[in-house]
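K.L.:
When you get a sec, could you give me coordinates for this:
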Amino acid sequence: MNVEELGIDLAKASSPAFLVNDLVKIKNKTPVGHYRTPFYVRGKTGRIERILDEFINPEEEAYGKNVGSKVRLYRVTFPQQELWPEYQGASIDELQIEISEHWLEPA
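P.N.:
Alright, predicted model coming up:
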C-alpha cells in the first residue's frame, strides 16, 4: 500500500523521513512527563510497516504547548523476541505500534 492509497496528501505534508521496510531504532530517551512512546520499545529496533499522515503533536497538546505543530506517524513492527527475549511464542509473532517520527532514528 502506498501513501496515495492511504489517503495521504504529500503536497500538504512534509516528506516522510523513513520509507516502508526501513529499519528504525526507537530513541532511548526518558523525558519528564507523559509521552506516548512506551518504555518497552525505547532503544529497540523495528521495521516501518506503514507511513501514516501527520497529526497534531499529542505530547505538546497534553501540556498546552501545541501551536498547531504536526508530526508524522509511522506504524512500526517489532518481532516479539526483540521486545521480550524470553518470549516463547512463534518466531513470526510481532507487535505493531504507531510512533511519531521524532522518536525514530535510522537503525
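K.L.:
for the nearest residue to Y74 once chain neighbours are set aside, what are its contacts?
P.N.:
Leaving aside its sequence neighbours, Y74 sits nearest to I48 (CB to CB, 6 or more residues apart in numbering; 5.3 Å). (Each C-beta comes from the backbone N, C-alpha and C, glycine too.) In this structure, I48 makes contact with 18-24, 74-76, judged by CB atoms under 8 Å, 6 or more residues apart in numbering.
K.L.:
In these, find the pair that's most separated.
P.N.:
The most widely separated members of the contacts of I48, counting by CB to CB, are L23 and R75 (14.2 Å).
K.L.:
out of the two, which sits in the busier spot?
P.N.:
For L23 versus R75, neighbours defined as other CB atoms under 10 Å are more numerous around R75 (16 against 12).
K.L.:
Okay, and the more buried one sits in which element?
P.N.:
Here R75, judged by DSSP states H and E, is contained in strand 70-79.
K.L.:
Return the helix or strand bottoming out on mean pLDDT in the chain as PDB; C-alpha atoms alone will do.
P.N.:
Every helix and strand in the chain was compared by mean pLDDT, DSSP states H and E; the lowest is helix 58-61, with a mean of 78. Extracted as PDB, the C-alpha positions of helix 58-61 are listed here (Å, rounded to 0.1, in the frame of the first residue of the first chain):
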ATOM      1  CA  PRO A  58      -0.100  14.900  21.200                       C
ATOM      2  CA  GLU A  59       2.900  15.200  23.500                       C
ATOM      3  CA  GLU A  60       2.800  19.000  23.200                       C
ATOM      4  CA  GLU A  61      -1.000  19.100  23.200                       C
END
